[in-house]
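Q: Model the following, please.
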Amino acid sequence: MREQEYKELQKAYTNDVLASMIKADIRSRFPDSYASMYCQQFDDFKNVADFFEFAAKLMRIQ
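A: A predicted model of the protein is given here:
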């Protein structure tokens with residue numbers, strides 16, 4: 001595995017762990033009905049952010 005691939009894997013793992021920690025914190029602070037809604041909103045926001053990061057990476061390659 002090249003160093004760049006290792007760094008990308010480490011970043012992906014770190015992002016997943018951080019997202020899980022944020023959602024666990026949301027679940028501990030709010031009732032279930034709100035926690036589910038807030039976690040879904042967080043996931044939606046994360047997907048948009050991931051898309052922009054991917055698009056930026058593609059622009060750097062070209």
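
Q: give me the number of residues near K23?
A: 17 (other C-beta atoms under 10 Å). Just so you know, the C-beta spots here come from the backbone N, C-alpha and C atoms, and that holds for glycine as well.

Q: On the pLDDT front, check M59 for me.
A: We note a pLDDT of 92 for M59 in this prediction.

Q: That one: helix or strand, and which one exactly?
A: helix 32-61 (DSSP states H and E).

Q: what's that helix packed up against?
A: Using 3 or more C-beta pairs under 8 Å, 6 or more residues apart in numbering; DSSP states H and E, the elements in contact with helix 32-61 are helix 3-29.

Q: Tell me who's in contact with F30.
A: The contact partners of F30, taken as C-beta atoms under 8 Å, 6 or more residues apart in numbering, are Y38.

Q: Off-centre distance for the helix holding M59?
A: Distance of helix 32-61 from its chain centroid, counting by C-alpha atoms, centre = their mean, to the nearest Å, is 6 Å.

Q: Much appreciated, bye for now.
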